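S.K.: give the three-dimensional model of this entry:
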Amino acid sequence: MWNSECGIPNSAFRTPNLIMPITYANILIVNNDAESLEGLVEDLRQLGLYDVLVTNSLAGAEKLALEQLFDAVLLDMSLRDQCTDPEAFFSRWKAQVPTPVIVTGRTDDIDLLTECVAIGAADYLLLPTNTTLLKARIRSHLQRKRLQEQALASLQAFNEVEKLADDLRLVILPLGISLSVEKNFFRLIERFVEKAMDLCNADAGSLFLRTDDEKLHYAVFRITSLDLAYGGTSGIEVPFADLPLFDAQGAPVLENVVTFAVHEGQPVNIANVYDEMEFDFSGTKEFDARNGYRSVSCLTVPLRTGSVLGVLQLRNAQDPETGKIEPFGAYQQLVAESLASQAAVALQNRRLRERENSLLRYKRELEIGRDIQAGFLPKTLPQPPEWEIASRFYPAREVAGDFYDVYHVPDGRIVVAVADVCDKGVVAALFMALLRSLLRAFVQQSYYRSVQSRVHDAVVGAAQMGAAQMDESALLDAISLTNAYIGSNHAETNIFATLFFAILDPVSGTLIYANCGHIPPVLCRAGGKEERLMPTGPAVGLMPDARFDVQQVVVEPDDLLFMYTDGVTEARDPQGEMFGEARLRALRKQHAGASAEKLLAAIESAVREFIAGGEPTDDLTMLAVRRD
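M.R.: Numbers count the residues shown, from 1 in each chain. The predicted structure is shown next:
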């Protein structure tokens, strides 16, 4: 009826996989009495118990109980000859197997049965018995065993929660605080990995940090058993390449467990990487082969704040007592996730501090740049007799691409310039500084040569260039040379500037000008008529060999020349509507005959009211020249 050699029952004694009416159960029968065994097996089959195994030896019973879990054992006293020391047997059984033993026997075995209960058996049952009593006895012990298991599981869960609470209070939270104030970044990430390995009893730990180019960079790598320490404060770079988070087509990389954790934002707990089919562990296996290591359990946890900043990976959880490699448990995963949250906050705070410091440095640099740029603008405006010159300048950012300039040149002439660089911010400001410096340098060079030429002509009696010709020549040279320099040396920047550049003779009112793609200035005549000074050439910097022409106009008494950039007309209200040319033209007509200062003040006030306290979208520059 059974295989007495190994204690494994024949198929005749294995009932089909039936669902027990009360509960799922595996029953082991240890019996050497064929008659009572047959009746007992038949009764159990009628009860519909899930599975029944039979053995005829105590040694076989112990072996089976150690190999698989049973819900109850029916041990018949027919085997008493195999047990010389019942008390030692039951003591050994209870120490090794948490399965209740119900001893069975006949009426004349009652004294022995009660003795077995006294030394360790859970209950006794007299044979033969009826099915109802057998069902009640087994039901009672199964329910008691389930309750004990539930109580034990609850106690274990409570102990784990209590331990986690203690770890949070005594270890994890203090660690988070210390990480937040740690100034040495490499020590910070190193401590995090080492503490995670320690609390989770892991032999190996790695930290990956997300880079700006969407890769995972190995920041720390530790394996205790191999005495390997890369990254952190070791001074040794981790000898593994960064892991891309996206492939060449921009699709997320999901076959690697650490990149998967970043994209999904969830931990991944793997019992054995060599049995894992979902993720690619070929790199891990190659490392194991090269270093004589065996990676088994693997816990991968993302470091999340709002986004995923990195990944913690622990490998080979060890039993604290035996050192045996085991899967990472629920408690260890909770600890790792808690540590990862603390580390993510510390890393995020550090990143924010670095950005804040960077912004402060940038702000300070912009303030310095603003001061430098202010030095390029005229500190005071020339005010020739019977003339008034006024200006307004408001950058949209700390520094601007607009500029204006007004300064004296020989013979009482005055240079007037307004320009707008096709960009904003620092780059435009640098380009503006270059443009302004080149124009001034070339104009002054032309007049310096003119003075030297006059001295030479006076000595030798040669003909001298007229003042108007000199002004025209200086104007064209300055623009052409500036354009050639920028176009030849900075064409790759694709930056250019519109420019209105003129030389005014205050005595005659003659204005020689070149309009290089700029918004046409408006010459407001005394009678109310307006004239536009249209472009005479392209913007500066577009083409190195561009040609520019000059034009001439006379500013009569009570005339006003109004120059501006598109920051005036393109100013927007909260609904996005632009200030526009029509409003600007209406303001000029409304203040016809007013001083240059009053006109600019009126326009400034109207624009500010129009944008309703909002930030300007572009630099705003205005320059007005009025002849009394």
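
S.K.: the strand of greatest length in the chain packs against which elements?
M.R.: If you go by DSSP state E, the chain has its longest strand at strand 308-318. The contact analysis (3 or more CB pairs under 8 Å, 6 or more residues apart in numbering; DSSP states H and E) places strand 308-318 against helix 185-199, strand 202-210, strand 215-223, helix 257-264, strand 298-304, strand 325-326, helix 330-376. All C-beta spots, glycine's among them, are computed from the backbone N, C-alpha and C.

S.K.: tell me the angle it makes with strand 298-304.
M.R.: 160 degrees (axes from the mean of the first three to the mean of the last three CA atoms, to 10 degrees).

S.K.: thinking again about what came up before, who wins for proximity to residue 243 among the helices and strands packed on strand 308-318?
M.R.: Nearest to residue 243 among these is strand 215-223; the distance by CB to CB comes to 4.3 Å.

S.K.: and that closest one, which strands flank it?
M.R.: Sheet pairing for strand 215-223, assigned by DSSP bridges, gives strand 202-210 (antiparallel), strand 228-231 (antiparallel), strand 243-244 (antiparallel).

S.K.: in the stretch 401-550 of the chain, which spans are strands?
M.R.: 402-408, 414-421, 497-504, 510-516, 522-524, 530-532 (DSSP state E, counting those that start in this stretch).

S.K.: which residues outside the fourth one are in contact with it?
M.R.: Contacts of strand 510-516 with the rest of the structure, by CB atoms under 8 Å, 6 or more residues apart in numbering, involve 416, 468, 471-472, 475-476, 479, 483, 497-505, 521, 533-540, 548-555, 561.

S.K.: per-residue pLDDT, residue 559?
M.R.: Note for residue 559: predicted pLDDT of 96.

S.K.: and it, how many neighbours does it have?
M.R.: Burial of residue 559 is recorded as 21 neighbouring residues (other CB atoms under 10 Å).

S.K.: same question for residue 225.
M.R.: Using other CB under 10 Å: residue 225 sits among 12 other residues.

S.K.: how about the one 10 residues further on?
M.R.: The local packing count at residue 235 equals 9, with neighbours defined by other CB under 10 Å.

S.K.: ok, residues contacting stretch 348-356?
M.R.: By CB under 8 Å, 6+ apart, stretch 348-356 touches 180, 185, 188, 305, 309.

S.K.: would you mark the buried spots in it?
M.R.: Within stretch 348-356, the residues that count as buried by 16 or more other CB atoms under 10 Å are 348, 350.

S.K.: please save the CA atoms from it in PDB.
M.R.: Written as PDB, here are the backbone C-alpha positions of stretch 348-356 (Å, rounded to 0.1, in the frame of the first residue of the first chain):
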ATOM      1  CA  GLN A 348      16.600  67.800  -4.400                       C
ATOM      2  CA  ASN A 349      17.500  70.300  -1.600                       C
ATOM      3  CA  ARG A 350      21.100  70.300  -2.700                       C
ATOM      4  CA  ARG A 351      20.100  70.700  -6.300                       C
ATOM      5  CA  LEU A 352      17.900  73.700  -5.400                       C
ATOM      6  CA  ARG A 353      20.700  75.300  -3.300                       C
ATOM      7  CA  GLU A 354      23.100  74.900  -6.200                       C
ATOM      8  CA  ARG A 355      20.600  76.400  -8.600                       C
ATOM      9  CA  GLU A 356      19.900  79.200  -6.100                       C
END
